[in-house]
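A.B. asks: any chance you could fold what I've pasted below:
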Amino acid sequence: MWKGSISFGLVNIPVKMYAATEEKNVKFRYLHSKCQTPIQTVRTCPQCQQEVPWGEVVKGFEYADGKFVVMDDEEMAALLPDANKAIEILDFVDLNQIDPIYFQKTYYLGSQDQNNKAYALLREALKESNKIGVAQITIRSKRSLAVIRVYQNCLVMETVHYPDEVRDVSMVPGVPDAMELPEKELQMARQLIENLTTDFKPEQYHDEYRQAMQNAIEQKITGQEVVEAPARRPEKVIDLMEALRASLEATSNKVKETPTEPSKKKMTKKKTDAPSKKPTKKIQKNQEA
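C.D. replies: Numbers count the residues shown, from 1 in each chain. All right, here's what the predicted structure looks like:
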């Protein structure tokens, strides 16, 4: 997912970065309860009342209610401290000096060259010294603090929160102040911790909720308790010839209807003139007589 190098002093180690962890949740999709069709997420503008394509989306920082500062990609890229892809080690410290609250996400670092001596050298030096390297790295337009350490036989990078990203514990309500505790109760608490102390074996811990959810889903599938989304309606393909033909028919019908309108007016006029003709017929009959 990233290709660059580890640099410390004059040493440069080309590496490739791989995600070391993955989220394993039972993922659900939202369906329409009436027809079981998956619901789509559509970007819409409430002002324009229309869907917005990605090409018309920009990034804005809301500095006040309803007021934004727009930043484009070029402006944001220009603010990055450097464009080179390097994990720059700044210092080496003891691992126990960094509280786990600072750790964020773990990545494996593999050498671009399997026979890279510098990679092996850094790995062995970190092992023997029990030190970790504090570094900085830019990933996806974000400048991050990180540490380099050894996990089994591989170099590992952990992204680390900056100090101002970790909230102060004074913000947590309900934390008891320091108090004097009875020695007997404290001794019992220590003994209980001692009785439950063991070696950490991560394989003995399981996500029981996720397993129960997967079992329940499998039972529904086995028992045919499933629903099926209706087949998607084929998109209407507009044939240019058909569109032209329909347009010609529509316009020709209008042309045919247009001349009939004045004829109706003439007929109406004759009906209104009809009473004036009747006296003429009576005069003709008198003359014949």
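
A.B. asks: centroid residue for this protein?
C.D. replies: The centre of the chain sits closest to Thr41, judged by CA atoms, centre = their mean, with a distance of 10.8 Å.

A.B. asks: quick check: that one vs Lys127, distance?
C.D. replies: The gap separating Thr41 from Lys127 is 47 Å, by CB to CB, to the nearest Å. (Each C-beta comes from the backbone N, C-alpha and C, glycine too.)

A.B. asks: and if you look at Thr222?
C.D. replies: Thr222 is 50 Å from Lys127, where distance means CB to CB.

A.B. asks: low-confidence ranges, the stretch 1-150 of the chain, go.
C.D. replies: Counting by pLDDT under 70, the stretch 1-150 of the chain shows low-confidence ranges at 80-84, 141.

A.B. asks: the protein: strands as residue ranges?
C.D. replies: 2-8, 11-19, 44-45, 50-51, 59-64, 67-71, 86-94, 103-111, 131-139, 142-151, 154-160 (DSSP state E).

A.B. asks: how about the helices of the stretch 151-289 of the chain, start to end?
C.D. replies: For the stretch 151-289 of the chain, the helices defined by DSSP state H, counting those that start in this stretch cover 183-196, 208-222, 240-257, 260-288.

A.B. asks: average model confidence for the shortest one?
C.D. replies: Meaning helix 183-196. Averaging pLDDT along helix 183-196 yields 92.

A.B. asks: which strands and helices sit next to it?
C.D. replies: Judged by 3 or more CB pairs under 8 Å, 6 or more residues apart in numbering; DSSP states H and E, helix 183-196 is in contact with no other helix or strand.

A.B. asks: show me the contact partners of it.
C.D. replies: The contact list for helix 183-196 (CB atoms under 8 Å, 6 or more residues apart in numbering) is empty.

A.B. asks: burial check on the closest residue to Arg29 other than its chain neighbours, number of neighbours?
C.D. replies: Nearest residue to Arg29, sequence neighbours excluded (CB to CB, 6 or more residues apart in numbering): Pro38, at 5.2 Å. Pro38: 9 surrounding residues under other CB atoms under 10 Å.

A.B. asks: show me what Pro38 bridges to in the sheet.
C.D. replies: Bridge pairing for Pro38 (DSSP bridges) gives the partners Leu31.

A.B. asks: hang on, it packs against Tyr30?
C.D. replies: Yes: counting by CB atoms under 8 Å, Tyr30 is a contact partner of Pro38 at 7.0 Å.

A.B. asks: can you list contacts of stretch 97-108?
C.D. replies: Under CB under 8 Å, 6+ apart, the answer for stretch 97-108 is 1-2, 17-21, 132, 144, 147, 151, 154-161, 166.

A.B. asks: what do you get for stretch 155-171?
C.D. replies: 6, 15, 17, 20, 87, 98, 101-109, 119, 122-123, 126, 134-135, 137, 139, 144-150, 175.

A.B. asks: ends of it, what's the gap?
C.D. replies: With CA to CA, to the nearest Å as the measure, stretch 155-171 spans 36 Å from end to end.

A.B. asks: how about stretch 162-177?
C.D. replies: Start-to-end span of stretch 162-177 (CA to CA) is 27 Å.

A.B. asks: measure how far that stretch is from the centre of its chain, please.
C.D. replies: Stretch 162-177 sits 29 Å away from the centroid of its parent chain (CA atoms, centre = their mean, to the nearest Å).

A.B. asks: returning to that earlier point: wait, which of the strands of the chain is closest to Glu180?
C.D. replies: With CB to CB, the closest approach to Glu180 among the strands of the chain belongs to strand 86-94: 32.9 Å.

A.B. asks: list the helices and strands the closest one packs on?
C.D. replies: On a contact count with 3+ CB pairs under 8 Å, 6+ apart, strand 86-94 meets strand 2-8, strand 131-139, strand 142-151.

A.B. asks: hmm, try it at 6 Å
C.D. replies: Contact partners of strand 86-94 among helices and strands, from 3 or more CB pairs under 6 Å, 6 or more residues apart in numbering; DSSP states H and E: strand 2-8, strand 131-139.

A.B. asks: from the ones you listed, which stretch is densest packed?
C.D. replies: strand 131-139 (a mean of 20; mean count of other CB atoms under 10 Å).
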